[in-house]
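Chemist: my questions are about this predicted structure, shown below with the sequence.
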Amino acid sequence: MDRQRLERALEDEFGGTEAERRAVSRSARDLVDSGRPSEDRGHGLTVTGVIGHLEDAPDGSSLVERWNWWMGALDAAYGGYDYFTVRFVEDDEATDLRR
């Protein structure tokens, strides 16, 4: 899965800060690299699939809340997905200082 393409799709669909989109896309990439979705669900993750699942989250949820909601659902169904939740989002301002 292309992280940049996912970040653009996340911005288009859910907004959020650059740091939030980067954190979610990094977790998504780690999830893909783990092979868990293919093993548990029989198919890999796609940008379109991620967006679709995040759309199912409760209305008014932030991007990170949507991602963690989905990871919670996968964890309840299969176990082992808690590892992929987003626990910390680096401040955009701090990120800008490092560039």
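Modeler: Yep, it's here. Numbering: from 1, shown residues only.

Chemist: center of this protein - which residue?
Modeler: For the chain, the residue nearest the mean C-alpha position is V24 (3.6 Å; CA atoms, centre = their mean).

Chemist: isn't it right up against R87?
Modeler: No: counting by CB atoms under 8 Å, V24 sits too far from R87 to count as a contact (11.9 Å). (Each C-beta comes from the backbone N, C-alpha and C, glycine too.)

Chemist: helices of the protein, start to end?
Modeler: For the chain, applying DSSP state H gives helices covering 3-14, 18-34, 36-41, 47-55, 63-78, 92-97.

Chemist: any buried residues in the third one, and which?
Modeler: So the one you mean is helix 36-41. Going by neighbour count (16 or more other CB atoms under 10 Å), the buried part of helix 36-41 is 36-37.

Chemist: for that helix, name the packing helices and strands.
Modeler: For helix 36-41, the elements it packs on are helix 63-78, judged by 3 or more CB pairs under 8 Å, 6 or more residues apart in numbering; DSSP states H and E.

Chemist: D82 is in contact with M71, correct?
Modeler: Yes: here M71 reaches D82: they are 6.9 Å apart, a contact under CB under 8 Å.
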